[in-house]
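J.: sharing a sequence plus its predicted fold:
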Amino acid sequence: MQKNIVLVEGAGFCFGVKRAIDIAFDVARNYKERVFTLGPIIHNPHVVEKLKELGVYPLEELSTEKSIKTLIIRAHGIPKEKFNEIKQKDMEIIDATCPFVKRAQSLAEKLATEGYQVVIIGDREHPEVQGIFSYAGPDAIVINSSEIPILNKKIGIIQQTTQPLTKVKEIMNELINSRNEFEEIRIFNTLCNFTSKRLQATEKVARNVDLMIVVGGKNSANTTQLARLCKNMGVKTYHIENAQEINKEWIECTTTIGITAGASTPQWIIDEVIDKIKEFIN
């Protein structure tokens with residue numbers, strides 16, 4: 001039986017993640033002493049492990065390591081107060097925050113300074129949102145569902161960069177039609193175009209295959225989002241981190257296999273997944 005593999009266009013590293021990884025690997029090549037990142041540089045454990053082999057180590061808290069000379073800020077960014085804290089320390093800071101995230105932080109701070117209550121559409125537990133929230137002033141709130149609280153009369157809205165456009169539109173409609181009597185609303189589009197395009201491309205492929213393999217870290221929000229999209233479409237879907245997780249039985253029962261990958265998934269992992277599927281086919 002002829003079997004086809006369809007790779008989603010644009011699967012894998014987005015601009016911000018590629019930039020952060022390039023910075024980290026460049027530092028690993030050129031610095032002799034150990035280098036640290038505050039939190040994992042991206043949400044992919046295999047990339048984090050490869051960097052550790054080269055001397056770049058993730059830290060959750062600075063207090064756990066006393067001899068830090070160089071610190072890389074991860075792609076998701078960090079809270080403002082944490083950034084200000086490390087600026088007071090005697091170390092080199094290399095900022096690998098995604099420019100899209102940096103823009104969202106800047107807009108949050110601008111809105112708060114101008115007297116707006118900042119509303120962030122996103123996941124309050126995600127490190128990117130926690131960073132943006134820290135710039136958004138004391139009245140800021142995070143909304144992740146259509147349950148809209150009572151808000152100030154003057155609000156400014158931004159979004160977590162990786163939120164699905166459909167979800168943002170749904171929340172926006174609920175917000176506009178809520179009981180709140182707004183006098184002024186300012187809306188900035190802080191969504192990452194790459195994320196939106198990959199979701200659309202994944203949906204297009206998922207409509208025409210028997211099986212979707214979604215490749216990326218289990219701790220990656222946008223990869224989980226891709227898997228959820230495919231499952232909600234009724235397509236048999238498996239979220240894996242590497243080729244070793246693929247079960248031969250998945251492949252035997254299908255004729256057309258779609259592959260997509262999150263923004264933190266390097267091309268070498270995608271290639272290994274494709275090669276493993278081809279082994280099972282042949």
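T.: In hand now; what should we look at? Numbering: from 1, shown residues only.

J.: low-confidence ranges, the chain, go.
T.: 1, 63-66 (pLDDT under 70).

J.: for the spatially closest residue to S67 that is not a sequence neighbour, the count of nearby residues, please.
T.: Closest residue in space to S67, ignoring its immediate chain neighbours: R34 at 7.9 Å, by Cβ to Cβ, 6 or more residues apart in numbering. Where you see a C-beta, it was placed from the backbone N, CA and C, and this is true even at glycine. Using other Cβ atoms under 10 Å, R34 has 14 neighbouring residues.

J.: R34 and G55 touch, don't they?
T.: Yes. At 5.4 Å, R34 and G55 qualify as touching, with contact defined as Cβ atoms under 8 Å.

J.: still on that earlier bit, show me the contacts for the residue nearest to S67.
T.: 55-57, 67, 69 (Cβ atoms under 8 Å, 6 or more residues apart in numbering).

J.: now I187
T.: With contact set as Cβ under 8 Å, 6+ apart, I187 has these partners: 156-157, 172.

J.: highest neighbour count among those?
T.: Going by other Cβ under 10 Å, G156 tops the contacts of I187 with 25 neighbours.

J.: confirm that that one sits in a helix.
T.: No. According to DSSP: H, G, I helix; E, B strand; the rest coil, G156 belongs to no helix; its state is strand.

J.: need phi/psi at I143.
T.: For I143, the backbone dihedrals (degrees, to the nearest 10) come out as phi -120, psi 130.

J.: beta partners for it?
T.: Applying DSSP bridges to I143 gives these bridge partners: I121.

J.: what sits against the closest residue to N208 other than its chain neighbours?
T.: Excluding its sequence neighbours, the residue lying closest to N208 (Cβ to Cβ, 6+ apart) is T256, at 6.9 Å. Counting by Cβ under 8 Å, 6+ apart, T256 makes contact with 3-4, 6, 208-211.

J.: out of those residues, which are buried?
T.: The neighbour-count test (16 or more other Cβ atoms under 10 Å) marks 3, 6, 209, 211 as buried among the contacts of T256.

J.: from Q225, how far off is the last one?
T.: By that I understand L211. Going from L211 to Q225 by Cβ to Cβ, to the nearest Å gives 19 Å.

J.: could you do the second one as well?
T.: When distance is defined by Cβ to Cβ, V6 is 20 Å away from Q225.

J.: you'd agree F182 is up against I150?
T.: No. Checked against Cβ under 8 Å, the pair F182 and I150 is beyond contact range at 11.1 Å.

J.: the two: which is more packed in?
T.: Taking neighbours as other Cβ under 10 Å, F182 and I150 compare with F182 leading, 13 against 8.

J.: ok, V118 touching I143?
T.: No. Look at V118 against I143 with Cβ under 8 Å: they stay out of range, at 10.9 Å.

J.: who has more neighbours, those two?
T.: Taking neighbours as other Cβ under 10 Å, V118 and I143 compare with V118 leading, 26 against 20.

J.: helices and strands around the helix or strand where the more buried one lies, which ones?
T.: For V118, the element it lies in under DSSP states H and E is strand 117-121. Applying 3 or more Cβ pairs under 8 Å, 6 or more residues apart in numbering; DSSP states H and E, one finds that strand 117-121 contacts helix 99-113, helix 127-134, strand 141-143, strand 154-159, helix 165-176.

J.: which residues sit against that strand?
T.: With Cβ under 8 Å, 6+ apart, strand 117-121 has contacts from 108, 111-112, 129, 132-133, 136-137, 139-144, 151-152, 154-160, 163, 167-168, 171-172, 175.

J.: are any of these buried, and if so which?
T.: So, by 16+ other Cβ under 10 Å, the buried ones in those are 108, 111-112, 129, 132-133, 136-137, 140-144, 151-152, 155-160, 163, 167-168, 171-172, 175.

J.: what's around the residue nearest to I93 when sequence neighbours are not counted, how many residues?
T.: Using Cβ to Cβ, 6+ apart and skipping residues adjacent in sequence, the residue nearest I93 is L71, 5.6 Å away. Burial of L71 is recorded as 19 neighbouring residues (other Cβ under 10 Å).
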